[in-house]
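Chemist: need coordinates for the below:
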Amino acid sequence: MDRDERLSQIADAVTADGSMSVEQVIERFGVSAATARRDLDALAGQQLVTRTRGGAVANATSGDLPLRYKAAIASGAKHAIAAYAAGLVRPGAIVAFNGGTTTTLVARHLAIRSSAEDAFGVAGLTVVTNAVNIANDLIVRPRIRVMVTGGVARTRSYELVGPLAMSTLPRVHVDTLFLGVSAVDPARGLYADHEGEAEVNDALRRMAEATYVVADGSKLRATAFALICGLDDVTAVITDDGADPHDVAALRARGVEVVLAPRPGAPSRDAHR
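Modeler: Have a look, this model is predicted:
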């Protein structure tokens, strides 16, 4: 695990538990006391947590910080996935996003593209989302019409979940869903960290003509709590060209189309091999 990922997980833990001691950082991440203190100092310096004598505590605005931090430090791999995915959208399409770092980046790349290409000025673009941060990013774009589901907001992911979200989705049609996930299991399917998110994500999937999973290579060997859907239910998985070849091969052996989005400056690998 690199430092950026460790900092992200520490911020997430402080938000979830309300506090984290230096000793807990040492035990959980296997780092030295000096490294644990530096990590907490770094998060405090970015106003993500409040530093205390023996560790750190969540501050008044910590609830949304893990996602914001992950988006700010997003790797080149995630940007490559986002750029590739945004390039699949045609003007006039109805596109859906659930919450997450990678889907947030896809939405941002698509917003830039819609502003730059004249065809979107004529045909426009409609976005359906249960992620209030994505809606906030896109609502100021004059060429994009935004529909937000109802529901109760989850502070870690900005996703709206619950009966209100579920009641909205059967009323809409979506051309393309970009689905962010917590884990991709070749044997079982796609997973989220929360059962409410998984339920709404699957509802989005059922409304869509095509579903593209956007997941960097680390998600191809991760585990998570709640099943969203099976791999047979999606069109393709878009990951980065630095993903472990064994993980990619395991998905392709199950008949899943896997696209390897090229990172700028990285050695070329055929996107569909």
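Chemist: packing partners for the helix or strand where Thr176 lies?
Modeler: Assessed by DSSP states H and E, Thr176 sits inside strand 174-180. With contacts taken as 3 or more Cβ pairs under 8 Å, 6 or more residues apart in numbering; DSSP states H and E, strand 174-180 sits against strand 94-97, helix 101-116, helix 195-207, strand 208-214. C-beta coordinates here come from the backbone N, C-alpha and C atoms, glycine included.
Chemist: how about the contacts made by Trp98?
Modeler: No Trp there; residue 98 is Asn. For Asn98, the contacting residues are 129-131, 159, 177-180, 197, 200-201, 204, by Cβ atoms under 8 Å, 6 or more residues apart in numbering.
Chemist: can we see that at 6 Å?
Modeler: Residues in contact with Asn98 (Cβ atoms under 6 Å, 6 or more residues apart in numbering) are 179-180, 201, 204.
Chemist: ChimeraX command to pick out the buried ones of these?
Modeler: Buried residues among the contacts of Asn98 (16 or more other Cβ atoms under 10 Å), as a ChimeraX selection:
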select :179,180,201,204
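Chemist: dump the contacts of Asn98 into CSV; add pLDDT and distance to Ala261 as well.
Modeler: CSV is the format used below for the contacts of Asn98 (pLDDT from 0 to 100; distance: Cβ to Cβ, whole Å):
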residue, pLDDT, distance to Ala261
Leu179, 98, 15
Gly180, 97, 14
Asn201, 98, 21
Leu204, 98, 22
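Chemist: quick one: which of the contacts of Asn98 is nearest Val258?
Modeler: Val258 lies nearest to Leu179 out of those, by Cβ to Cβ, at 14.4 Å.
Chemist: one step back: buried deepest among the helices and strands packed on strand 174-180, which one?
Modeler: Ranked by mean neighbour count, the helices and strands packed on strand 174-180 are led by strand 94-97 with a mean of 25 (mean count of other Cβ atoms under 10 Å).
Chemist: for the residue nearest in space to the middle of the chain, which non-adjacent residue is closest in space?
Modeler: In the chain, the residue lying closest to the centroid (Cα atoms, centre = their mean) is Gly100, at 2.6 Å. Spatially, and ignoring its direct neighbours in sequence, Gly100 is nearest to Gly180 (3.0 Å; Cβ to Cβ, 6 or more residues apart in numbering).
Chemist: my read is that the one you found contacts Thr103, right?
Modeler: Yes. At 4.1 Å, Gly180 counts as touching Thr103 under the criterion of Cβ atoms under 6 Å.
Chemist: shouldn't Val140 be within a helix?
Modeler: No. Read with DSSP: H, G, I helix; E, B strand; the rest coil, Val140 is coil and lies in no helix.
Chemist: tell me the spacing between it and Ala111.
Modeler: 9 Å (Cβ to Cβ, to the nearest Å).
Chemist: also Ile134?
Modeler: Per Cβ to Cβ, Ile134 is found 10 Å from Ala111.
Chemist: and for Phe178?
Modeler: Applying Cβ to Cβ, the value for Phe178 to Ala111 is 13 Å.
Chemist: what's the answer for Asn130, then?
Modeler: Separation of Asn130 from Ala111 (Cβ to Cβ) stands at 18 Å.
Chemist: which ones are touching Thr129?
Modeler: By Cβ under 6 Å, 6+ apart, the contact set of Thr129 is 97, 135.
Chemist: need the pLDDT of it.
Modeler: For Thr129, the pLDDT comes out at 98.
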